[in-house]
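> I'd like to go over a predicted model; first the sequence, then the structure.
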Amino acid sequence: MPTRYRVLVADDYETVRVLWSDALRKPVDAYEVVTAGNGHDALEEIVRMPFDLIVTDIAMPGMDGVELTQAIRQLGHRIPVIWITASRIPNLAQEAERLAVHRYLFKPLEVDEMRQVVAAALEDPQEETI
């Protein structure tokens, strides 16, 4: 078990990436956080280094969060994935279940809620629930 978990945050908005990476690092530098501005960059990071958790926005240009998750699963990774979305997407629950997504969350999202969900995903990564 690593002493410090490595988390990848993928979102096309820089302010969101900064918000989540700062929130996950504080208050005690709990997580090593790497960010990516789109699904393609996120996938490159995943191929380059191991991660304990992926947090991704669903709506991103190019490769969205669903496509990123599909690519992660096609690589054979069982990394816990958390989806974040501002939209009510048809069949979201079914798609999340099919891709073994740990959780999906709707914006707006409080920092404390995100920290709790991340901590829960990392405590028991095999427990993939929606």
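Great, that's in hand. Numbering: from 1, shown residues only.
> where does this structure have low pLDDT?
Judged by pLDDT under 70, the chain has its weakly predicted residues at 1-3, 125-130.
> what about the strands in it?
5-10, 31-36, 53-57, 81-85, 103-106 (DSSP state E).
> dump the ones you listed to TSV, plus mean neighbour count.
(Each C-beta comes from the backbone N, C-alpha and C, glycine too.) TSV is the format used below for the strands of the chain (neighbours: other CB atoms under 10 Å):
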stretch	mean neighbour count
strand 5-10	24
strand 31-36	20
strand 53-57	26
strand 81-85	23
strand 103-106	16
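> contacts only, for Ile84.
Applying CB atoms under 8 Å, 6 or more residues apart in numbering to Ile84 gives the contacts 11, 55-58, 65, 104-107, 109.
> mind putting those into TSV with distance to Arg4?
As requested, the contacts of Ile84 are exported to TSV (distance: CB to CB, whole Å):
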residue	distance to Arg4
Asp11	22
Val55	16
Thr56	21
Asp57	24
Ile58	27
Gly65	25
Tyr104	26
Leu105	23
Phe106	29
Lys107	27
Leu109	23
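> where do the helices sit along the chain?
14-25, 39-48, 65-74, 92-98, 111-123 (DSSP state H).
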